[in-house]
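>>> what's the 3D shape of this:
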Amino acid sequence: MYATDTQDTEATAAEMTLCITALEQVGTDCMKIQSDAAPVFFMRAAYLRTVAPERIAVGSTFAGEEAQELIDAGLAFAAERKAEEYLARDEHSRAGLERKLLQKGMEKAPVSRALDYLAEKRYLSDERFAESWLRAHTLTKAQGRARLLSELVSRGVSRQIAAAALDAFFVEQSEDDLCARAVEKSLRAGRTGDKLVRHLQQSGFSWRQIKAALAAAEAGESEEGEGAAE
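Numbers count the residues shown, from 1 in each chain. Model (predicted):
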């Protein structure tokens, strides 16, 4: 089945011809192309592999693999523009952005080339995503290094990049303070005893941090109690 599908695809590409009927330069590296074989499409010269950009002109005809190369360059440009829409709203990891584009029905190869281009231009950065995600996430969720590392990795960030982002994050943010916040929030939610400890461990805090935060919370309650008695 797969061999037949591959042969059919290769045969279609070999038979394809594309004659350019209109051309407009819309940017330093971008062209708007109209042809007899496809609707109007945009492409970036950087996505061409073997076709020289100067060969693309009104009246030029491309056949077989070269015609397919122009179409693929157009698909990569479409993926790039959609990716830019997502990046304009928020930072994304490469893996997360790829997943969104594939869910839109885009093909993996053009998507990969578009993301390579965006990463090269630094419009897409796993490092920047990790830093941004940590700041936003910990505003509402008090979690420790271990849990935050796991969360970043689950979003497609490499362990090396995630660890570096966490190192930078914890220069400014105290993990002990996050643990104290987690204890306070858990106590308000009615967690006590073993249930409370398990929750804090699952939130990524070490036993040392948990023990210190619980002791501080207990001391604070004792002081409040003594103040009320007086």
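>>> List the buried residues in the biggest helix by length in the chain.
Taking DSSP state H as the criterion, the chain has its longest helix at helix 64-89. Neighbour-count burial for helix 64-89 flags 66-80, 82-83, 87 (criterion: 16 or more other CB atoms under 10 Å). Any C-beta I mention is one placed from the backbone N, CA and C, and that applies to glycine too.
>>> Adjacent strands (with direction) for the longest strand anywhere in the chain?
The residue-count maximum for a strand in the chain (DSSP state E) belongs to strand 17-25. According to DSSP bridges, strand 17-25 forms sheet pairs with strand 30-35 (antiparallel), strand 61-63 (antiparallel).
>>> Between helix 64-89 and that strand, find me the angle.
Put simply, strand 17-25 runs at 40 degrees to helix 64-89, going by axes from the mean of the first three to the mean of the last three CA atoms, to 10 degrees.
>>> Contacts for strand 17-25, please.
31-38, 40, 56-64, 67, 70-71 (CB atoms under 8 Å, 6 or more residues apart in numbering).
>>> ok, now with 7 Å
With contacts defined as CB atoms under 7 Å, 6 or more residues apart in numbering, strand 17-25 is touched by 31-38, 56-63, 67, 70.
>>> Which parts of this protein are helices?
2-15, 64-89, 94-103, 108-120, 126-140, 145-154, 159-172, 175-188, 193-202, 207-229.
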